[in-house]
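S.K.: Sequence first, predicted coordinates after that:
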Amino acid sequence: MRPRGSVASALFGAAALVVLTGCAGADGPDVPTRDPATAAVSPATATSPAGQVIPAAATKALLAEGETGRLAALDAAGTTLTLLDPAAPTTARTVTLPAAGAALAQGTPGEVLVAAPDRVLRVDVTAGTVTETPVDGDVHSVQTRTDGTLIVGTADGTVRELRPDGSVARTVTGLVSADVIALTGADITVLDRKQTAVVSVRDDALGLMLRAGDGAANAIADPEGRIIVTDTAGGELLVYSAGPLVLRQRFPVSSSPYALAYDPRSSTVWVTCTESNEVVGYDLSTGIGVEVGRFPTVRQPDAVTVDERTGDLFVASAAGEGLQRIGADERKRGQ
C-alpha cells in the first residue's frame, strides 16, 4: 500500500523504523494494519492457582491504586468498577460507570482513571464517586503527569494533551489507533495495536515508529524509563527506551504473553501467559530478561497488577474464576 497525505510508513520488517511527520486524512492513514492482538483462549486450569483466590466477576482490567492500595477491577463489559481493600475483600464496593470503560490508569493520589467514549472518568477509590473530563473521541488509553496533565489516546489514532482544567493543550494525529500510552519522563510513547508498532510523540507531530513484533497487545512504562511490550502473536517480550525510541531487548516468552505489571520493589516485570494459565516474572537488569518466578494462575489471566507498597501480585480472570493474590512473602528471592 502507499501512504496517503504526509504520513510515511514502512512496517513490513521486524525492525522497521519510520519517521512520521504529518497528520492522517479524514479516514486515517492508509498503511498496512492487522486486527488488534488479543489474549489466547485459556484451557481449563491443570494446577491450583498460587496464593489465595477470592470470588470476582469476569475482569478485563485491574489496577492497584498507588496511594491506598485499593484494587480497582473493571468488569468484562466495562460498565462496573469494583473497588476493594485486599485486607478486607468481602467489603468490596461496586461503582456503576456512566460509560463503558476500556482501560484503567493511576490518577491523582486516591484516584483511578477510566478511559471511556468521549470522556475520562475519575473515580475516587475511597468514596466511590465519579467525575468526568470530556474528551473528543473514543478514549482507549489515558495517563497522567504529576502536574495533573492528562495524555489521552483515542480509537481513531489521535493523541491529546489536556490541561488540569480539561482544556486541550495540543493534538497529534496520524496513528491508526492510540491504544496504550507510556510516559517516561517527558517522553510520550504510544502503542498502536492495529499497526503493531510503538511510536514517539513530539511537540506537535508523531516521531519515530518501530515495529513491535507480530501482534503487540499491551505496554507499560517502568521507573527505569523502559517501555515494556508484550508481542502476544509473536510470543516475545520487547523492551524499548524513549528519547530516542530504541529497541533494547527482545526475548521469547511462550504461551501467549499478554498482560503486564511492574514491581519496583524487586525490579521485576510480571507477564501473564494465557495459553498456560501462568504469570512469569523477569529481571531486566542484565540486558536480557532472566526468569525469576513462575506461578500457576486462575483461568484466563487477562489482567495483572502489583501493589507497589507491599509487592503483592494480583491476577484477575477474564472468565469469572476469581481474583488471585500472590503475596510478596510467598515468592522466592528476587521477585
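M.R.: Now that the structure is in, tell me what you want to look at.
S.K.: residues of stretch 142-152 that come out buried?
M.R.: Val142, Gln143, Thr144, Leu150, Ile151, Val152 (16 or more other C-beta atoms under 10 Å). The C-beta positions use only the backbone N, C-alpha and C, and glycine is treated the same way.
S.K.: mind checking which helix or strand Ser254 is in?
M.R.: Using DSSP states H and E, Ser254 maps to neither a helix nor a strand.
S.K.: Quick check, it in contact with Cys273.
M.R.: Yes. Ser254 is within contact range of Cys273, at 6.8 Å (criterion: C-beta atoms under 8 Å).
S.K.: neighbour-wise, which of those two wins?
M.R.: Using other C-beta atoms under 10 Å, the more surrounded residue of Ser254 and Cys273 is Cys273, with 25 against 12.
S.K.: Please report phi then psi for that one.
M.R.: Here is the backbone geometry of Cys273 (degrees, to the nearest 10): phi -120, psi 110.
S.K.: which residues does it contact?
M.R.: Taking C-beta atoms under 8 Å, 6 or more residues apart in numbering, we find Cys273 in contact with Val253, Ser254, Ser255, Ser256, Pro257, Tyr258, Val279, Val280, Pro301.
S.K.: What subset of those residues is buried?
M.R.: With neighbours counted by 16+ other C-beta under 10 Å, the contacts of Cys273 contain buried members at Val253, Ser255, Ser256, Pro257, Tyr258, Val279, Val280, Pro301.
S.K.: List just the nearest of these to Leu62.
M.R.: If you rank the buried ones among the contacts of Cys273 by distance to Leu62 using C-beta to C-beta, Pro301 comes first, at 10.0 Å.
S.K.: Show the model's pLDDT score for that closest one.
M.R.: Looking at Pro301, its pLDDT stands at 98.
S.K.: Next up, the contacts around the nearest residue to it once chain neighbours are set aside.
M.R.: Nearest residue to Pro301, sequence neighbours excluded (C-beta to C-beta, 6 or more residues apart in numbering): Thr272, at 4.1 Å. Contact criterion C-beta under 8 Å, 6+ apart gives 257-260, 278-280, 297, 301-304, 315 as the residues in contact with Thr272.
S.K.: For Thr272, what are phi and psi?
M.R.: When read as degrees, to the nearest 10, the backbone of Thr272 gives phi -90, psi 140.
S.K.: For Pro86, see how far away it is.
M.R.: Here the criterion is C-beta to C-beta, to the nearest Å. By it, Thr272 lies 19 Å from Pro86.
S.K.: Please apply the same query to Val139.
M.R.: As judged by C-beta to C-beta, Val139 and Pro86 stand 28 Å apart.
S.K.: With neighbour numbers in mind, choose between these two.
M.R.: Ranked by neighbour count (other C-beta under 10 Å), Val139 and Pro86 place Val139 first, with 29 against 18.
S.K.: Grab the nearest non-local neighbour of Ile188.
M.R.: Spatially, and ignoring its direct neighbours in sequence, Ile188 is nearest to Val201 (4.1 Å; C-beta to C-beta, 6+ apart).
S.K.: quick one: pLDDT of that neighbour?
M.R.: So Val201 comes in at 97 (pLDDT).
S.K.: Can you report how many residues neighbour it?
M.R.: If you count neighbours by other C-beta under 10 Å, Val201 ends up with 24.
S.K.: quick one: contacts for it?
M.R.: Applying C-beta under 8 Å, 6+ apart, one finds that Val201 lies in contact with Val159, Val172, Ile188, Thr189, Val190, Gly207.
S.K.: quick one: contacts for the first one?
M.R.: Under the criterion of C-beta under 8 Å, 6+ apart, the contact list for Val159 reads Ile151, Val152, Gly153, Thr171, Val172, Thr173, Leu175, Ala178, Ile181, Ile188, Val190, Val201.
S.K.: So it versus Thr196, what's the distance?
M.R.: Using C-beta to C-beta, Val159 is found at 18 Å from Thr196.
S.K.: likewise the fifth one?
M.R.: Here Val190 is placed at a distance of 12 Å from Thr196 (C-beta to C-beta).
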